[in-house]
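[1] no letters, just coordinates:
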């Protein structure tokens, strides 16, 4: 059994495997392994792996299961103390593993950790999908240290402290395997996007902590599967953020929060329309409709565990703070 399994869920990512696997392999400590799980790629990813890396374990899903189910199927077949879920479009750096594993070894209640995510193309900037740690406001809108909505900061070392965060990015996510299995893994109904936020919310509800460790640095291309301006991504983000709320909000907050979210999402939809993004405008309403038709299914996923993690949400509206008060930076406690 490896101490750490770095697991890449690949879908049509041969170009990324060619580019980034050699560096990843060179940086592995002796206690770590790489596993590739192919999510029914239609390029020649599988043939490439079998020809060039026959010594790397290759798992194959029979169809594209999405991020959540794809990883769940893969991790059921992997025996390790820790998992690292790593996107195929990430370039790792020297010593990116050791600081996080040492930290997790020393803190038994630490269940998930992410490294600092920087942009592959603009290497002095944070990367959208996780930056230096994720947070969420009381209405379910996510943001990061280093990235608030579309405002992305340059990295000057201003967020280089190890910090408690609300969610760790699924682009490079270290997880204690025992916790992953106990919590039932990622929620496959999310398909892709925000399933890591749901997972982190659930593990925080049972008393585990989630942190960012910027001593570990990786560079992320982002949009390797769905481009940033893709309307399918808009649909998944809006739908899944509503799923987050219905699963994890305290009972006394649920109804009024969903009502307010409905109005906030109308604002977002018409903002897309005014910007000429008609497909994104439609995607928001598709997300609301899909949520309405699956409400009962997700309501039934609520459990009796106290929703203690809600106290760690940003207690105000990040939409109001950013767009009305014009605050663009969040340091983990305060906006500026």
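    Done, it's in. Note that the structure is a prediction, hence the values are computed from the model and not measured. Numbers count the residues shown, from 1 in each chain.

[2] what residue spans form the domains of this structure?
    If you go by automatic domain parsing, the domain ranges for the chain are 2-220, 231-305.

[3] how far is the last one from where the chain is centred?
    Mean C-alpha position of domain 231-305 versus that of the full chain (C-alpha atoms, centre = their mean, to the nearest Å) differs by 18 Å.

[4] now the end-to-end length of that domain.
    Start to finish, the residues bounding domain 231-305 are 35 Å apart (C-alpha to C-alpha, to the nearest Å).

[5] and it, average pLDDT?
    Summarised as a single mean, pLDDT over domain 231-305 is 92.

[6] now stretch 206-213
    According to the model, stretch 206-213 has a mean pLDDT of 97.

[7] also stretch 74-89?
    Stretch 74-89 carries an average pLDDT of 97.

[8] quote the end-to-end distance of that stretch.
    Counting by C-alpha to C-alpha, you get 18 Å between the two ends of stretch 74-89.

[9] pLDDT score assigned to residue 192?
    Value listed for residue 192 in the pLDDT field: 86.

[10] name the nearest residue to it, ignoring sequence neighbours.
    Once its chain neighbours are removed from consideration, residue 192 has its nearest residue in residue 67; the separation is 4.2 Å (C-beta to C-beta, 6 or more residues apart in numbering). Just so you know, the C-beta spots here come from the backbone N, C-alpha and C atoms, and that holds for glycine as well.

[11] circling back to that earlier point, residue 314: which of the domains of the chain is closest?
    Taking C-beta to C-beta, domain 2-220 is the member of the domains of the chain nearest to residue 314, at 4.3 Å.

[12] which non-adjacent residue is nearest residue 327?
    Nearest-residue entry for residue 327: residue 335, 3.8 Å, with adjacent residues in sequence omitted and distances by C-beta to C-beta, 6+ apart.

[13] how about residue 295, what does it touch?
    residue 246 (C-beta atoms under 8 Å, 6 or more residues apart in numbering).

[14] against residue 326, how distant is it?
    Computed as C-beta to C-beta, to the nearest Å, the residue 295 to residue 326 distance reads 35 Å.

[15] quick revisit: got TSV for the domains of the chain, with distance to residue 318 too?
    Shown next, in TSV, are the domains of the chain (distance: least, C-beta to C-beta, whole Å):
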stretch	distance to residue 318
domain 2-220	4
domain 231-305	10
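
[16] pick the most deeply packed of these.
    Burial of the domains of the chain is given as mean neighbour count (mean count of other C-beta atoms under 10 Å); domain 2-220 ranks first at a mean of 20.

[17] and that one, end to end?
    Between the opening and closing residues of domain 2-220 there is a gap of 25 Å (C-alpha to C-alpha).

[18] which SS class is residue 112?
    strand (DSSP: H, G, I helix; E, B strand; the rest coil).

[19] residues contacting it?
    168, 173, 174, 175, 176, 179, 199, 200, 203, 208, 210, 211.

[20] looks to me like the second one is in a helix.
    No: residue assignment for residue 173, taken from three-state DSSP, gives strand, which places it outside any helix.

[21] who touches it in this structure?
    Contacts were defined as C-beta under 8 Å, 6+ apart; by that measure residue 173 touches 84, 85, 86, 112, 113, 114, 196.
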